[in-house]
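In: Next input, structure requested:
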Amino acid sequence: MPDEFISRTVYDTGLAGNTLRPYTTNLRVSTKSGEAPSISSVTWGNLTEGTAPTSVTPTVGTVAFTLQKSGAIVQVSDELLEDSAMNLGEVLTTAARDSSGRYLDTAILNGTGAYGGVLQAAIGSYTAANAASIVGADVIGLYYDLPANWIASDGCIFVTQSAVSAAISSINVSSAGAPAIASLNDSPSDWLMGKRHIMNDNASNGLNATIATTNVTALFGDFRQVYLFERNNVTISRDSSRFFDASQIAYKFEMRSGSKTAIPAAFTKLIQA
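Out: The predicted model follows:
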């Protein structure tokens, strides 16, 4: 029997990317750096007839941003491109976009420099009852560690590594043994305390996968207060000359972006005792 060729690419997508971007405030910019204006709220109170009211001056400031160029260069054999039955350029583009999504997720959570990661900011914290476990009271305490205005936002979500998510899903929240998951037929991790629960296992994202002393195991906050500045989407260029002597063709993928945790008070993290 002759060999059969299947016209379908087996592609290992790796860890999920771009899981946090939809919850951030996305701003398209045309320069490499700049500032966004900021202002605090005003104080409302009773006024006495015939008496001059006390004036209040809101705090006005700016949120500075810079952009960081990032990307990847991929070398591909020209023979592979010629002989391949699949559209290799399209597959590489998909892989590069997936990789850039993972890069952004990590930068939003724990980035430095042009990326003001949430976990690098002066955010709040709630200490778990135990070092090596998470109990129902920890999740409830983390939730209410934020002021109500941030909890009410549609950008307010939980973020954990999947191993921690498994521990949370296994919590018994009462002495009767009521489980955190209502049914084995439903996803145990999509929602937590009525908020979206995002699992992010990217390396160096600042969250710990093991539940141990002083580890940061969960993040909760309003990601609308993270400003993601982007100059362009992922751009793609191809060069047939750079690796000409090696009979290879180069694909270059680039993007320019930066982020800023504009209001650190909109976030809190769970730290194991």
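
In: longest single helix anywhere in this structure?
Out: helix 88-110 (DSSP state H).

In: What are the boundaries of the helices in the stretch 1-150 of the chain?
Out: 78-83, 88-110, 136-143, 148-151 (DSSP state H, counting those that start in this stretch).

In: Adding mean neighbour count, mean pLDDT and distance to residue 205, write those out as a markdown table.
Out: Where you see a C-beta, it was placed from the backbone N, CA and C, and this is true even at glycine. Compiled in a markdown table, the helices of the stretch 1-150 of the chain are given as follows (neighbours: other CB atoms under 10 Å; pLDDT from 0 to 100; distance: least, CB to CB, whole Å):
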| stretch | mean neighbour count | mean pLDDT | distance to residue 205 |
| --- | --- | --- | --- |
| helix 78-83 | 11 | 66 | 33 |
| helix 88-110 | 19 | 88 | 5 |
| helix 136-143 | 18 | 95 | 18 |
| helix 148-151 | 14 | 96 | 21 |
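
In: Tabulate the ones you listed (TSV), appending distance to residue 202.
Out: TSV is the format used below for these (distance: least, CB to CB, whole Å):
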stretch	distance to residue 202
helix 78-83	29
helix 88-110	5
helix 136-143	21
helix 148-151	24
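
In: And those helices: which comes nearest residue 218?
Out: Distance to residue 218, taken as CB to CB, is lowest for helix 136-143 among these, at 6.2 Å.

In: which helices and strands does that closest one pack with?
Out: With contacts taken as 3 or more CB pairs under 8 Å, 6 or more residues apart in numbering; DSSP states H and E, helix 136-143 sits against strand 124-127, strand 216-222, strand 267-271.

In: low pLDDT regions in the stretch 101-250 of the chain?
Out: 173-184 (pLDDT under 70).

In: again, only using 80
Out: 172-188, 240-247 (pLDDT under 80).

In: Export only the CA atoms of the longest helix of the chain, formatted as PDB.
Out: Extracted as PDB, the C-alpha positions of helix 88-110 are listed here (Å, rounded to 0.1, in the frame of the first residue of the first chain):
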ATOM      1  CA  LEU A  88       4.600  27.300   5.900                       C
ATOM      2  CA  GLY A  89       4.500  31.000   6.000                       C
ATOM      3  CA  GLU A  90       1.000  31.000   7.300                       C
ATOM      4  CA  VAL A  91       1.800  28.400   9.900                       C
ATOM      5  CA  LEU A  92       4.800  30.400  11.100                       C
ATOM      6  CA  THR A  93       2.700  33.600  11.300                       C
ATOM      7  CA  THR A  94       0.100  31.800  13.500                       C
ATOM      8  CA  ALA A  95       2.900  30.500  15.700                       C
ATOM      9  CA  ALA A  96       4.500  33.900  16.000                       C
ATOM     10  CA  ARG A  97       1.100  35.500  17.000                       C
ATOM     11  CA  ASP A  98       0.600  32.800  19.600                       C
ATOM     12  CA  SER A  99       4.100  33.500  21.000                       C
ATOM     13  CA  SER A 100       3.500  37.300  21.100                       C
ATOM     14  CA  GLY A 101       0.300  36.700  23.000                       C
ATOM     15  CA  ARG A 102       2.200  34.700  25.700                       C
ATOM     16  CA  TYR A 103       4.800  37.500  25.800                       C
ATOM     17  CA  LEU A 104       2.100  40.100  26.400                       C
ATOM     18  CA  ASP A 105       0.400  38.100  29.100                       C
ATOM     19  CA  THR A 106       3.700  37.800  31.000                       C
ATOM     20  CA  ALA A 107       4.500  41.500  30.500                       C
ATOM     21  CA  ILE A 108       1.000  42.600  31.700                       C
ATOM     22  CA  LEU A 109       1.400  40.500  34.900                       C
ATOM     23  CA  ASN A 110       5.100  40.900  35.700                       C
END
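
In: Tell me what angle it forms with strand 216-222.
Out: In terms of direction (axes from the mean of the first three to the mean of the last three CA atoms, to 10 degrees), helix 88-110 departs from strand 216-222 by 90 degrees.
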